[in-house]
Structures are given as C-alpha cells and as structure tokens.
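*Asks:* the sequence isn't on hand, but the structure is:
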C-alpha cells in the first residue's frame, strides 16, 4: 500500500502524487481531495496512467487530507491517493446518483461493485463507502440489503470546504454531486477496524419526545432549543432565531450522544451534531434521531479530539493479524475545523500508533462504521481507522 499527497491545482497535484508513488500497478485506487479540485481532470490523468479496469474510489474531503507527514489542508486544496497492490485480492467499485431513493441507489452501486470484483453474491471483508450527506441511514440500509448486516461498512460522507453542497463522488467514468460510491474489498491479507469518538458523556440527559427524521422538536416534552440551551448554559442557541440559524461551529464541543451498545457495562455513544436551530425552537442534526432515544450531553475539547485518533488507530492495530501494511482513516470534518491548528499532532498520533505504516486520512461530514463490530451506524464527530495486514 502506497500513499502520497499534494496541495497544487489538480493537474499538478496528480502529477506530483504519481511521481511520488513511482512505478506502481495497483489493484485498487482510493483518491480523496478537497472539493476545489476537478474530478474530470483527475480521472483522465489516472485512467491514462493505469489500466481502465482498475477500480477507482473518489470522493471529496473537507479542505484536504492527512498522512503520516501531517495534515495536507493548507490553501484548502489537499489531495491524496492510496494505491493497493494486491494481486491475490479482489476489489470493485460501483457508483450511483442518489436521486429520490438513496436505498435503491446504494443497493445498485453495491451490486455493481461486486460484479466488477467478480464476486457476485458474496459478502466482502470490508466495504469503503462515500456518499453525499443527508441520507446516510438509508444508504447504509441499501448496502446491507445486498451484503447483509454483518458485513463491515466503514466510510464517511463527502465534504466540501464550507458546507455549501460542493461535495461530489466519482469513479473512472462517472461523477455525482448527490451520489454514492461503494467499494467492495476482498483483500488477501487481514484487515481490522475501530470506530469511536473523542467525547465523554456528562450527567445531563433527556429523551427525544418529538422528532421527524433529523429534526428534533421536543426533548422531555419541552422545546428542543430551550432544553439544549439550558444544557449548555446558554453557550449555544440562547434565544429563538428569526430565521434558521447554523450552530455547527458553536455546538462542536457539546454534541448529543445516543447510547448504542455496552461493553462491560460501559456504554458506547453514537454522536449527533446539532446543525441548525429554527424559529419554532426545533433543532436539526446531521444524523437521524428517533422518538424515544436517550440523548446525553457530551463534552470534548482540543486535547481529547487531538489524542483520540491515535488511540483509535492503536485499537485497530491490536486487532490486526501480523504487521500493518497501511490504513485508511476517517476523521470528522467538524472536529478537524475545531482543532485545525493541531491537525499535524493528530496525524502524528496516528502515525505513531501505526508504527510508521502509511495511511490516508479523510475529513468527512458524517461517519459510518460498525458499532463494536456489530451494527453499521451513521454518526457525527466520529473517528474510524481501517488497518490492512501485510
């Protein structure tokens, strides 16, 4: 597994990366980059360099990417490529526009990926997933409808630099702004994954008593904004706005967590990031919240968000058979923006945990992964790491 990055315009960045990678003949290629790059140019350069049959998984990442050399986010134009050289493994990629049926689109992309890998009807060891934000739960269900719920799905929602909808996904042929790309992986070696957050629960909690998708109207029977403002001591949304108001930045260190599983009586919390507050005192999140779910006020800070990624990588390494050949890392874009000046430290912690093995880190607007190696879930402000054995 070889990984390289660049911060130039698309043509120069791809040329720089390919030069650094040297003479590689990949079985599978992963490309993540800031939304300022040109997918058509990137695709053309890659397909002219490599065989058109090589599966290409492309998606956008907030500001850029990170590797063991640090965060490549300066000038908001980072680009990174990971190549997998595994002649005994099988890989395939499928892409689809989400349209008005994200479930069906995800299922269609998954079937196409399995066909390209020549493994129709089989469950892959791992699925790498990138989709436009907004329908992640339906996308996960669509993928699982083809490969079953036990299949490990790890990924992150496509992101741009300003939450303005400029994100996109692409493969060797197509590009979609509101799309999904699914890559099935049957590597010849082992792989492992870990999925956590850098936040801790407080003693403050309540129950979502009125919801609609990602919008929460009431917590414990009271207006959601009022409850959340009280929980944060008025630090977030202290009053009703006249117009919908974005609170992503203000709420980054005070998200809500939902207990999703337990290990030795210790709960695992899946996070939901408050995104918008409305004049009717409802609050919209970046993840679906169901009526009756427990909501716990979580707390995090620069130190916890900076150090957690290394611990997540270390957990994945502990579960990997043999030495680690490389890794793919998902780090929430909201967390990255909150600790932007400390991202080289985040990358250094991951690099240390991986003992110097190469990794490509992506900054996303939603994070998908298996909760304690069981259900695949969509969360916010999460971190995941996949390690591949040599």
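*Replies:* Happy to help now that I have it. Just so it is clear, the structure is predicted and the values come from calculations on it, not from any experiment.

*Asks:* could you say which helix or strand holds residue 360?
*Replies:* strand 359-364 (DSSP states H and E).

*Asks:* in that strand, which residues are buried?
*Replies:* Counting neighbours by 16 or more other CB atoms under 10 Å, one finds that the buried residues in strand 359-364 are 359-364. Any C-beta I mention is one placed from the backbone N, CA and C, and that applies to glycine too.

*Asks:* which of those residues sits closest to residue 14?
*Replies:* residue 360 (14.9 Å; CB to CB).

*Asks:* out of everything not next to it in sequence, what's closest to residue 359?
*Replies:* Nearest non-adjacent residue to residue 359, counting by CB to CB, 6 or more residues apart in numbering: residue 327, 4.0 Å away.

*Asks:* so what does the strand holding residue 360 touch, helix or strand wise?
*Replies:* Applying 3 or more CB pairs under 8 Å, 6 or more residues apart in numbering; DSSP states H and E, we find strand 359-364 packed against strand 2-6, strand 28-33, strand 65-67, strand 79-84, strand 153-156, strand 324-332, helix 333-338, helix 343-353.

*Asks:* give the pairing partners of the fifth one; include direction for each.
*Replies:* When pairs are called by DSSP bridges, strand 153-156 turns out to pair with strand 126-131 (parallel), strand 367-370 (antiparallel).

*Asks:* who wins for proximity to residue 304 among those?
*Replies:* Residue 304 lies closest to strand 367-370 among the strands paired with strand 153-156, at 16.2 Å (CB to CB).

*Asks:* could you point out the helix or strand that follows that closest one?
*Replies:* Counting by DSSP H and E, the next helix or strand C-terminal to strand 367-370 is strand 376-379.

*Asks:* who does that following strand pair up with?
*Replies:* Applying DSSP bridges, strand 376-379 is found paired with strand 367-370 (antiparallel).

*Asks:* can you give the contact residues for the strand it pairs with?
*Replies:* The contact list for strand 367-370 (CB atoms under 8 Å, 6 or more residues apart in numbering) reads 129, 136, 140, 152-157, 193, 195, 330, 332, 376-384.

*Asks:* now it: mean pLDDT?
*Replies:* For strand 367-370, mean pLDDT rounds to 94.

*Asks:* middle-most residue in this structure, spatially?
*Replies:* Nearest to the geometric centre of the chain sits residue 156, at 1.9 Å (CA atoms, centre = their mean).

*Asks:* closest to residue 252 out of the helices and strands packed on strand 359-364?
*Replies:* Counting by CB to CB, residue 252 lies closest to helix 333-338 out of these; the figure is 4.5 Å.

*Asks:* who are the packing partners of the closest one?
*Replies:* Helix 333-338 packs on helix 248-251, helix 302-318, strand 359-364, going by 3+ CB pairs under 8 Å, 6+ apart.

*Asks:* which intervals of this protein have sub-threshold pLDDT?
*Replies:* Flagging of the chain using pLDDT under 70 yields the residue ranges 263-266, 372-374.

*Asks:* roughly how far does residue 73 sit from residue 18?
*Replies:* Going from residue 73 to residue 18 by CB to CB, to the nearest Å gives 21 Å.

*Asks:* which one's more surrounded, these two?
*Replies:* For the pair residue 73 and residue 18, the greater number of neighbours falls to residue 73 (23 against 18), based on other CB atoms under 10 Å.

*Asks:* just give me the neighbour total for residue 162.
*Replies:* Look at residue 162: counted by other CB under 10 Å, it has 11 neighbours.

*Asks:* and what about it, helix, strand or coil?
*Replies:* Here residue 162 is recorded as coil under DSSP: H, G, I helix; E, B strand; the rest coil.

*Asks:* out of the strands paired with strand 153-156, the one nearest residue 238 is which?
*Replies:* Here strand 367-370 is closest among these (CB to CB), at 28.7 Å.

*Asks:* and the nearest residue to residue 193 once chain neighbours are set aside, what element?
*Replies:* Once flanking residues are discounted, residue 193 sits nearest to residue 386: 4.6 Å by CB to CB, 6+ apart. Assigned by DSSP H and E, residue 386 belongs to strand 382-389.

*Asks:* verify the stated contact: residue 358 with residue 324.
*Replies:* No - using CB atoms under 8 Å, residue 358 is not in contact with residue 324; the gap is 9.3 Å.

*Asks:* now render the helices and strands packed on strand 359-364 as TSV, adding distance to residue 121.
*Replies:* Below are those laid out as TSV (distance: least, CB to CB, whole Å):
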stretch	distance to residue 121
strand 2-6	32
strand 28-33	20
strand 65-67	34
strand 79-84	23
strand 153-156	18
strand 324-332	26
helix 333-338	35
helix 343-353	36
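
*Asks:* so which of the ones you listed comes closest to residue 301?
*Replies:* Evaluated over the helices and strands packed on strand 359-364, closeness to residue 301 peaks at helix 333-338, with 9.3 Å, by CB to CB.

*Asks:* and for that closest one, what's in contact with it?
*Replies:* Helix 333-338 has contacts (CB under 8 Å, 6+ apart) with 61-63, 71, 73, 159, 198, 248-249, 252-253, 273, 302, 305, 343, 346, 363-365, 380-381, 383.

*Asks:* identify the bridge partners of residue 270.
*Replies:* For residue 270, the beta-bridge partners under DSSP bridges are residue 258.
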